[in-house]
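Everything below, folded, please.
(chains A, B, C and D)
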2 protein chains.
Amino acid sequence: MTTAKGAATRQRIVEAAAAEIRERGTLATTLDDVCRRSGTGKSQLFHYFPEGREQLLLAVTELEARHVFDDQQPYLGQLASRAAWERWRDAVVATCRRQGPHCPLGVLIADVGRYSPAARAVTTQLVRRWQDAVRLGIEATQAAGEANPALDADRTAAAVVTAVQGGVSVLLSTGSADHLEAALDLCLDHLLVPVQSGARPVVPHRSVRNE
Amino acid sequence: MTTAKGAATRQRIVEAAAAEIRERGTLATTLDDVCRRSGTGKSQLFHYFPEGREQLLLAVTELEARHVFDDQQPYLGQLASRAAWERWRDAVVATCRRQGPHCPLGVLIADVGRYSPAARAVTTQLVRRWQDAVRLGIEATQAAGEANPALDADRTAAAVVTAVQGGVSVLLSTGSADHLEAALDLCLDHLLVPVQSGARPVVPHRSVRNE
DNA sequence: GGCAAAATGTACCCGCAAGTACAATCCTGG
DNA sequence: CCAGGATTGTACTTGCGGGTACATTTTGCC
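Prediction:
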């Protein structure tokens, strides 16, 4: 019913929409913009998304959610030591800092995914899967003796995910990823046992002030 | 140049707009909605906001920012003991839980305040003032010997503010304030010294799973 | 009271972007 | 090859919402 060429076109449309939304926001993105960018016409767009804009936005939401999760996956699967946690933190911060306000994660949370219940469901599911992955990491790290064993893994995972979301929110408002970094650092400091046994869990390496 | 009656009308308009936006979002709120709700006409609206929608949105942003900050102020000024921190945390969580997705803070961060640089500046300033207040609380608590004195107060304040923002973000997506609570608890556990001196800083009081 | 300025009511305009109609082409299986 | 569905191009309709024009009333002030 749908040929390979058609599928390719459909994908071009979704990707063009995603790019446009990353750059200018859902609000400001029009179907004509998407058509222009994808080199197609409205007829194709409505051919592949009969329900129109809503349906396209949902597809974009799903694409971005998959995108975000796949980006994290290689790190999330490895979380079992202090070094791994720090690598993950650095990766998250670096990605967000580099992409700034066009970070797919941020766009997903704060922009797309707020315009329909279906899209919200997608982001909710992303949060849940993400939290599950973090929880597994925490449990593995506890098993390895590098994390405070008394912490509730799932609740702590919830806090970590929340920290990332908050950092991204601030990033979108202020353009600075410093808050993201501070929040993640606090979580890690709390989660991981001190490097030198016997020492207090205290690691203030950087200082942050918002401008 | 503007009489008392006029000022009252202007205020009615802003408040109607704020209410409408809380209930249905910035995107879905039209000027006609605002007029209907405030019992005015477009002529008044453009009389008091000559630059139109943008200007009205900015006024709403400022109103909500003031609203949020004033709500916190009584608690923020008192932060110097574990009990005070817990009161504040409970207040924040309870407010957000009660108001759900219509929480002014959430609307402010994730919805309004994203549609113009001016509005973003307002939210940025709110974040900064808020963080400053939290920082003062941390310093006071450290001075009182109830907070870990080795923590960088400003950086920790940044993390706390970020946690709230993240919690609100999740609230808006999932409708649950559990993440907010988990994130704040983690911050407090990390910040405050253990109740019994000598014990490890470990306090998993509740458990959270997202549905 | 009366007059200017402020406040308000009514009716309109206009552009934009979503969505539609339909014709033209391409591609694939038989 | 060729029929018929998949794909695409072009031109249109339409509704909505921001914004404007202008008439009318109300208010503050001398």
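
any idea which element the residue of chain A found nearest DNA strand D lies in?
Closest residue of chain A to DNA strand D, C-beta to the nearest atom of the strand: residue A:6 (1.8 Å). To be clear about C-beta, it is placed using only N, CA and C from the backbone, and glycine gets the same treatment. Assessed by DSSP states H and E, residue A:6 sits inside helix A:4-28.

Against which helices or strands is that helix packed?
Judged by 3 or more C-beta pairs under 8 Å, 6 or more residues apart in numbering or on different chains; DSSP states H and E, helix A:4-28 is in contact with helix A:31-38, helix A:42-48, helix A:53-76, helix A:104-110.

Any part of the biggest helix by length in chain A near DNA strand C?
What stands out as the longest helix in chain A, according to DSSP state H, is helix A:117-143. No - using C-beta under 7 Å from any atom of the strand, helix A:117-143 stays clear of DNA strand C, with a minimum separation of 14.6 Å.

Same list, the helices and strands packed on helix A:4-28, but as a markdown table with mean pLDDT and mean neighbour count please.
Converted to a markdown table, the helices and strands packed on helix A:4-28 look like this (pLDDT from 0 to 100; neighbours: other C-beta atoms under 10 Å in any protein chain shown):
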| stretch | mean pLDDT | mean neighbour count |
| --- | --- | --- |
| helix A:31-38 | 98 | 17 |
| helix A:42-48 | 98 | 16 |
| helix A:53-76 | 95 | 18 |
| helix A:104-110 | 84 | 25 |
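
So for residue B:115, which of these sits nearest?
Nearest to residue B:115 among the helices and strands packed on helix A:4-28 is helix A:104-110; the distance by C-beta to C-beta comes to 11.9 Å.

outside of the closest one, which residues touch it?
With contacts defined as C-beta atoms under 8 Å, 6 or more residues apart in numbering or on different chains, helix A:104-110 is touched by A:18, A:21-22, A:25-26, A:61, A:64-65, A:67-68, A:96, A:123, A:126, A:164-165, A:168-169, A:171-172, B:109-110, B:114, B:169, B:173.

Show me which residues of chain A sit near DNA strand D.
For chain A, the residues in contact with DNA strand D (C-beta under 7 Å from any atom of the strand) are A:1-3, A:5-7, A:9, A:40-44, A:47.

low pLDDT regions in chain A?
Flagging of chain A using pLDDT under 70 yields the residue ranges A:196-211.

Mind telling me which residue is nearest the centre of it?
Nearest to the mean C-alpha position of chain A, counting by C-alpha atoms, centre = their mean, stands residue A:105 at 3.4 Å.

residue contacts, the residue of chain A closest to DNA strand D?
Listed by C-beta under 8 Å, 6+ apart, the contact set of residue A:6 reads residue A:48.

go on, residue A:192?
Neighbours of residue A:192 in contact, by C-beta under 8 Å, 6+ apart: A:82, A:85, A:141, A:146-148, A:201.

With secondary structure and neighbour count added, can I get those in TSV?
Listed next are those as TSV, based on DSSP: H, G, I helix; E, B strand; the rest coil; neighbours: other C-beta atoms under 10 Å in any protein chain shown:
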residue	secondary structure	neighbour count
A:82	helix	17
A:85	helix	25
A:141	helix	24
A:146	coil	19
A:147	strand	26
A:148	coil	19
A:201	coil	17
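
and which of the residues you listed is nearest residue A:160?
Closest to residue A:160, out of all of the contacts of residue A:192 and judged by C-beta to C-beta, is residue A:85, at 9.6 Å.
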